[in-house]
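K.L.:
Whatever this is, show me its structure:
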Amino acid sequence: MRLSPLLLLLLAATQLLVAPASAIYEDQAGLFDWRFQAVGAVKFAILGGESAAASSSSSSTASHYRGWVFVATESNAVAALSSASGDIVWRQVFSENDAIDGMILHGNGLFTLSENGRRLRKWLPEAGTIVWEHLVDVGDHSGEAQLLAATSSNRAVVVVVAGGVVAAFDASGQPTASSNWQAKLPEGFAAVSARVNADEAQIVGRLSGALSVVSVDFLTAAVTPVGTVADQQSSRVSFFGDDGLLLASLNGALTFASISKRTTVTLQSSLAKTSPIPEVSITLLSASMAVVSFDRHHHVFVHQSGASVAVARTITGAYVFAPVVNKGAASVVAIQVNTQDTLVSVWSLASVESSQKDLPSPAVLPALDRSPVFGDSAATELPSGRFPWRAFTHATISPSSPFAALVVQSDGRLVMLTVSQEAASSAGSNRALWAREEALASVVQSEFADLPSRQADTLDHEFGHSAGFVGRITTQTKQLLAALLSPASLLSPVLSIVAPAAKTSKRAVLAHPSLLDASYPGAEGLTPDNFGFRKVIVAVTETGSVFGLSTDDGAILWKARINSAPSDGLALDISGSSSLFVLRTTAHFPLPPAVAIVATGKGRSVTFVLNPITGKLFPTMHASGQEHDALTGVVELPFVASQVLLLPTVGPSEARVLLFVNPSDTRAETVPKSAAAVAAVQQYDKLTPIHVYSVEADGRGLRGYSLEFSGSNEHIRLAPTWTVAWASDDERVAAVASRASYERINSVGRVLGDRNVLYKYLNPSMLAVGTLSSSAASRTSRNLHVYVINTVTGAIIFRAVHDKASVPVIVQCENWVVYQFWNAKARRTEITVLEMFEDESRAAEKTTFSAFDGALPTVLRQSFIFPTSISTMAVTTTVGGITNKQILAALPAGWIFALDKFLLDPRRPVGTPSEEDKEEGLIPYMAELPFMTTSIINYNQTISRLRGIHTGPAALESASLVFAHGVDIFHTRVHPSKTFDVLNEDFNFFLLMTTLVVLIVGTIVSSSMLKRKRLEAAWQ
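P.N.:
Numbering: from 1, shown residues only. Next up, the predicted model:
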């Protein structure tokens, strides 16, 4: 039977669609990829499986998780950790907008409250599966919410307090209308604190400028006013004693208010602080004792005896406190952590009450975090970070029983301690069990750093400044002896071919005893491999920690902290999208590589320059006789930069120059901050004029600037050159994308099927901008506007409008732009590609490119349908730019989908392709893009809440390195055009070696036979 031409065409198209799929075999999983699973900075914790009704919980199920730690985190995750090892037993991660407000273990379940008190969930503690979920009607409340445990009529009840609503739910079974109730608090009531007392809940909230206290009966749901006290503009309010409130303010004032008497007692007026206190916390140690911590350094213990309330004692120092409840006398654990050691003290509340007695001496443990602090090299105290320090403990049997304490550092790092309640002299049981670097759950930016080669050190010894003829002979003699004395090193290449070493899966974990003091080994001893896969990943986190990770197995090579709350009180923020830059690589030996981290604060920008191999800051002042290096460790600028640009020019010491732009006062600064760096920028600007742009503060337009240099060559000013205003007044910038500075372009044209060439429009100043505006038909729906703008002249190269669309995700590479959005009208996810080419009539005449050329390119575009939404996208990068491109799309399910660029080709023919199209290899257009599971590069290693993907080149042209981060982090490598420059893993090396040996032996034998034959012939 003869197949029709149309059927043959469809079969060919199917084959082309299937060919790009590149999967891995089962035994390859984990060989060149790894994943870290994190939970994030802990917000709530329950140790030892002790529930609110722990005394009544004696089932075998409860004993199953008795050794676990239940945590709820700032990353919106709830998990169970092993208290012995820190490993994750189970974990559930909520959406980004589902922040957790509370967590309790009560009755026969684990309960979490999230989304500002709107969502209550019950979980099976032993499995982490959800039992039920209930939505609480809290109206438009957007503040704090509380989750309380109670017992009413001999049944376990959970109480939700959010805004002006109080709701109760049966904690033992399924929530039903008969077992639940909800009560409305007085109009305008905003709850700030609550507690459970017998069969009622007492709630304090702000109402009409005062603090009002009400009670809610569990049986009747009746709301009864209790009393009102004057509001002291307090930041923290907590119930204290039977009839009182503790009010703490950000200026250090501390007040006790009696609810029934409506009187107040000032316990502390204020603290001598030049700036407001960033954090105030109140920790209840018992019914009559509380500790109020101001700024982690000033702690006030308040004690109530009868009707008298007074300050028991005041302690200064970087402490974190947690109550220790046991069947004997209650106590408090005080933990002080710094870079030198860790001090752990257990004080009985009786000793704290008596200010005349000295508190017991602390037990001294090794330092829990020895990571250096950027910005304060002499600091002995760990800096403050995004989160407050916290500590959690569990109930003990007796005052002599040891207990566990979970310490949460300000960068999210977790440390589990076991603490003895006996005297400090018997501190043998005071030790750290494990640590978890949970700061890695908040990575905001990353870069790949090359490792220095072994030859660099050899060349330094052999041809360095101090090396002469004797030094060279000595070095070469040592190399010869090392080779002769180690025959295995000579045979290792052959042995590795004949019998390849067994490969093991890389499954790294975040919790390990080696993480206890955070004094990591560094990458000085590492050397690059032949294919350039082994590198250092520099990861900057939102919490102020910076990590150096090995691409081999994800091991932490070094860690450092940025002093995000220095002595002047100007907090630094490094969560921006442009905060990490590579200034110098290992190619400029003997100068060390350098990366720059940019942080912003009130009225200033600060740059930290560090060595990505060691994780150490560059010195501020260089020693005499040292190799001159213009880079210094800390550079502070007197303004907040709205944009930081990595210029292509190389300044002093072979380092690329950073340009800090502040359009509000038209000034710019360079890093390195020197006249030589400015001169280098000026010299480059003469050859290739530098133009910068900025987005208006309200997102209503763009502005372009050129650089102006003063006569002294020390200052740079911004000269406005153009302005772009959007077509609609309500348009706002939603997304911006430009070409990567490290992008390599191998081909400037595209060969067609008829052997003509389409020349790419390779404008390095091209910018893709997505804006949103309200729809003319409906003010609730929005229109998407996509612009392609020349940032040198401000000319709009292309503009498209999509009705009823969402915020786009845009990526730009070479001469094309790809963006994704949700089409609300068609209810589907669409991907649109724009590809720009030079005008065919002028392309052959052009020998140079100029951004000032007014001729617009030819823009080809096409749209496709994708089966799921995309959160972010990236493009693969290779060392030479020869390999085909892949778009790496982050999917909501935690997958990274590799989409080949040739599938997103606007030139794909609609209908039957012509002979030229077939010759060019174009695939017939199909609206739906194929979704093959084999194109998911992280297979079953899903990444929770995937936020970013960074790619980098390897030494192999076929390979591109990938680092993805969300709550988890993941690394792998991809081969978009397959491994065309390296042999496959299943290549028969033994057969190759056998063939070579046979050929060599055959050549020798046949040569000998030929000589003998010729000799015999000569004698005849």
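K.L.:
All the strands of the stretch 451-600 of the chain, residue numbers only.
P.N.:
511-512, 535-541, 545-550, 556-562, 580-584, 594-601 (DSSP state E, counting those that start in this stretch).
K.L.:
actually the stretch 701-850 of the chain, not the one I typed
P.N.:
Assigned by DSSP E, counting those that start in this stretch, the stretch 701-850 of the chain shows strands spanning 701-709, 716-725, 732-738, 749-751, 757-759, 766-774, 782-790, 796-802, 809-813, 816-823, 828-837.
K.L.:
any chance of those in CSV, with distance to residue 240, mean pLDDT and mean neighbour count too?
P.N.:
For every residue, glycine as well, the C-beta is placed using N, CA and C. Shown next, in CSV, are the strands of the stretch 701-850 of the chain (distance: least, CB to CB, whole Å; pLDDT from 0 to 100; neighbours: other CB atoms under 10 Å):
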stretch, distance to residue 240, mean pLDDT, mean neighbour count
strand 701-709, 54, 88, 19
strand 716-725, 57, 89, 15
strand 732-738, 47, 91, 18
strand 749-751, 75, 88, 14
strand 757-759, 76, 89, 18
strand 766-774, 49, 90, 22
strand 782-790, 50, 92, 22
strand 796-802, 58, 93, 16
strand 809-813, 50, 94, 21
strand 816-823, 50, 95, 23
strand 828-837, 54, 95, 20
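K.L.:
Which among those is found nearest to residue 927?
P.N.:
strand 828-837 (9.4 Å; CB to CB).
K.L.:
Relative to residue 733, how far out is the residue nearest to residue 782 when sequence neighbours are not counted?
P.N.:
Of all residues not flanking residue 782 in the chain, residue 772 sits nearest, at 4.7 Å (CB to CB, 6 or more residues apart in numbering). From residue 772 across to residue 733, the span is 8 Å (CB to CB, to the nearest Å).
K.L.:
list the contacts for residue 859?
P.N.:
788, 797-798, 834-836 (CB atoms under 8 Å, 6 or more residues apart in numbering).
K.L.:
Residue 750 contacts residue 761, correct?
P.N.:
No: taking contacts as CB atoms under 8 Å, residue 750 lies outside contact range of residue 761: 11.4 Å.
K.L.:
so what sits against both of the two?
P.N.:
residue 837.
K.L.:
how about the spatially most central residue of the chain, what does it touch?
P.N.:
Taking CA atoms, centre = their mean as the criterion, residue 443 is the residue nearest the geometric centre of the chain, at 1.4 Å. Listed by CB under 8 Å, 6+ apart, the contact set of residue 443 reads 539-542, 948, 965, 969.
K.L.:
Backbone dihedrals for it, please?
P.N.:
Main-chain dihedrals, residue 443, degrees, to the nearest 10: phi -70, psi 130.
K.L.:
Please determine how far it is located from residue 437.
P.N.:
Taken as CB to CB, the span from residue 443 to residue 437 is 11 Å.
K.L.:
Over to residue 251?
P.N.:
For residue 251, the distance to residue 437 - CB to CB - is 35 Å.
K.L.:
which of those two has more neighbours?
P.N.:
Of the pair residue 251 and residue 437, residue 437 is the one with more neighbours under other CB atoms under 10 Å, namely 26 against 15.
K.L.:
Do you know the pLDDT at residue 253?
P.N.:
We have a pLDDT of 88 for residue 253.
K.L.:
Show the contacting residues for it.
P.N.:
232, 234, 247, 266, 268-270.
K.L.:
got these as JSON lines, with pLDDT and neighbour count columns?
P.N.:
Output for these, formatted as JSON lines (pLDDT from 0 to 100; neighbours: other CB atoms under 10 Å):
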{"residue": "232", "pLDDT": "68", "neighbour count": "18"}
{"residue": "234", "pLDDT": "83", "neighbour count": "21"}
{"residue": "247", "pLDDT": "91", "neighbour count": "28"}
{"residue": "266", "pLDDT": "89", "neighbour count": "12"}
{"residue": "268", "pLDDT": "86", "neighbour count": "18"}
{"residue": "269", "pLDDT": "82", "neighbour count": "10"}
{"residue": "270", "pLDDT": "79", "neighbour count": "14"}
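K.L.:
List just the nearest of those to residue 926.
P.N.:
Nearest member of those to residue 926, counting by CB to CB, is residue 234, at 63.5 Å.
K.L.:
List the beta-bridge partners for the nearest residue to the closest one once chain neighbours are set aside.
P.N.:
Using CB to CB, 6+ apart and skipping the chain neighbours, the partner closest in space to residue 234 is residue 247 (3.9 Å). Note on residue 247: beta-bridge partners residue 237, residue 255, judged by DSSP bridges.
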